[in-house]
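1. my questions are about this predicted structure, shown below with the sequence.
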Amino acid sequence: MIPEIRKKFNSKYSDTVYKNYVNEINSILEYPADFRISETPVFLTEDLTIKIIEACNEISAQLLTHEYKEYSKHAIPEGWNVPGETEHPEFLQIDFGITKDYNGTYIPKLIELQAFPTIYGYQYFLNKIIRKHFDIDNGFTPYFNGYNEDSYISSLKEIILNGHSPENVILLEIQPERQKTRIDFSAIKNLTSIEPVCISKVYKKGKELFYLKDNKETRIDRIYNRVIFDELMKTDIKPGFNITDEYDVEWTGHPNWFYKISKYSLPFLKSNYASKAFFLNKFFWDTHHHESRHLINLSKYVLKPLFSFAGTGVEIDPTQDQLDSIKDKKNYILQEKIEYAPVIQTPDGYSKFEIRMMYLWKDKPVLVNNLVRMSKGKMMGVDYNKNKTWVGSSLAFHR
């Protein structure tokens, strides 16, 4: 986005450099990246960086209020309340699309947020590999609040391990070797020495949980949770323990927070950086009550199911018939559309991007890192970017 930096980067770019860059990403860890890697990082202007941080502060502050704590009590679906909930999540991400205001100024707009771990390990390696293959000025960093590579990894390890031996901490997933984010699981294993373990391979003895490590029965003291439980319900995988029972185990990324800070949060949040959102059942009551149901311009809204992940089930052009046909309206929201701005100049047009601001939360939520997704389609997903270049996963640098 910084014109002189963008011009310099593009002028030095070559397909050979990109190929070598991707090859190293795909070979440095146990698993390759099962998603497209963009040809470029993003270089944030000082003005946009300030606005993104301001937006983060406004939104994260609302999550700390008593009002939000009361509001979020109703977020967990019936039957999915897991014992041992922590006082707060250890992981928080806030996603912004980059758009333009009425004055043509680039601004962030809230898309979603989640209290569920993203690819914290992979982004560490990505920064190192980008710097190896591209000419990135030493004044640029992907980190925030004074963090650097060493302090970032130190804090990440502290939160994941919490003083336990790595053999007694596991990364819990559904068939981790088959997940699109498996490169992150190998990154986390590289950094912390904990094993990715399928939920079907964990078993209980009384109130204790175990797994086999090198064919040896090993007690689990702490779980770094990467399981999306509504995704688990769609599979034939049978957990080796009843998730909603109480066990002598700690969770980091406790399952309840996946629901309590999520799309469910969007109708609560108020900010100039957040678009309007409301529950579909409230929309139907309000519009029926005011006899203005068909006066709503649905073309300005996107329909999102509360409990989907990675964009599944999102309808960017909802119709009234679709809304009418939904039975569990309380589990859907309508959110004002965000028009992504074409920002990043590439050899074949401009790319749009969204940025995920990544927090670690020990005593309070602290912004530490970021990731970027770039697109030239209607949405960020793979289906909208087939056969396109300078799109996909990356990170943003700022001074």
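-> Looks like it came in fine. Residues are numbered from 1 along each chain as shown.

2. make it CA atoms for all contacts and neighbour counts henceforth
-> Noted.

3. Glu250 bridge partners, please.
-> Legend: beta-bridge partners of Glu250 under DSSP bridges are Arg222.

4. how near is Leu48 to Asn10?
-> 21 Å (C-alpha to C-alpha, to the nearest Å).

5. more neighbours, those two?
-> For Leu48 and Asn10, the more surrounded residue by other C-alpha atoms under 10 Å is Leu48, and the numbers stand at 17 against 14.

6. dump the residue contacts of the more buried one.
-> Leu48 makes contact with 106-108, according to C-alpha atoms under 8 Å, 6 or more residues apart in numbering.

7. wait, a helix at it?
-> Yes: according to DSSP: H, G, I helix; E, B strand; the rest coil, Leu48 belongs to a helix.

8. just the pLDDT at it, thanks.
-> The per-residue pLDDT reported for Leu48 equals 97.

9. so it versus Ile107, what's the distance?
-> Following C-alpha to C-alpha, the distance that separates Leu48 from Ile107 is 6 Å.

10. neighbour-wise, which of the contacts of Leu48 leads?
-> Counting neighbours by other C-alpha under 10 Å, the top entry in the contacts of Leu48 is Pro108, with 27 neighbours.

11. okay, and that one sits in which element?
-> Secondary structure from DSSP states H and E places Pro108 in strand 106-114.

12. cool, and Arg6?
-> Counting by DSSP H and E, Arg6 is found in helix 3-12.

13. so what's the gap between that helix and the chain middle?
-> In terms of C-alpha atoms, centre = their mean, to the nearest Å, the centre of helix 3-12 is set 29 Å apart from its chain centre.

14. phi, psi for Phe397 please.
-> Phe397 has phi and psi values of phi -100, psi 150 when expressed as degrees, to the nearest 10.

15. what comes up buried for the helix or strand harbouring Ala61?
-> In this structure, Ala61 sits in helix 46-63 according to DSSP H and E. For helix 46-63, the buried set under the neighbour-count rule, 16 or more other C-alpha atoms under 10 Å, comprises 48-49, 52, 55-56, 58-60, 62-63.

16. give me the three-state assignment for Tyr152.
-> Here Tyr152 takes the helix state, with states given by three-state DSSP.

17. what's the separation between it and His74?
-> Summarising the geometry, the distance separating Tyr152 from His74, computed by C-alpha to C-alpha, is 33 Å.

18. which of the two has more neighbours?
-> For the pair Tyr152 and His74, the greater number of neighbours falls to Tyr152 (20 against 12), based on other C-alpha under 10 Å.
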